[in-house]
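> predicted model and sequence follow; I will ask about them next.
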Amino acid sequence: MLFQPFVQIDHGLNRQYEGTGLGLSLVQRLTAAHGGQVEVESVLGQGSRFCITLPWDTD
């Protein structure tokens, strides 16, 4: 669910957050398309860290 795109329902001018929420979804799709994976580490109250691993072909 973390990597699913979302759209905000509130279209008002005073909404608190901007954007459509596509960033993580795009990162996950691009990483998977290259045969890699995305890992996440999260600590409550401190934040999250996302690590992307891509295969390395030396041929």
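Structure's in. What do you need? Numbers count the residues shown, from 1 in each chain.
> now the strands for this protein?
37-43, 47-53 (DSSP state E).
> now those strands as CSV including mean neighbour count and mean pLDDT?
In short, each C-beta sits where N, CA and C put it, glycine included. Output for these, formatted as CSV (neighbours: other Cβ atoms under 10 Å; pLDDT from 0 to 100):
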stretch, mean neighbour count, mean pLDDT
strand 37-43, 11, 93
strand 47-53, 11, 92
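> distance to residue 28 added to those, as a markdown table?
Formatted as a markdown table, the strands of the chain follow (distance: least, Cβ to Cβ, whole Å):
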| stretch | distance to residue 28 |
| --- | --- |
| strand 37-43 | 5 |
| strand 47-53 | 9 |
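> quick one: residue 43 from residue 3, how far?
19 Å (Cβ to Cβ, to the nearest Å).
> brain fart, residue 54
If you go by Cβ to Cβ, the gap between residue 54 and residue 3 works out to 16 Å.
> those two: who's more crowded?
residue 3 (15 against 11; other Cβ atoms under 10 Å).
> how about the contacts made by that one?
24-25, 27-28, 38 (Cβ atoms under 8 Å, 6 or more residues apart in numbering).
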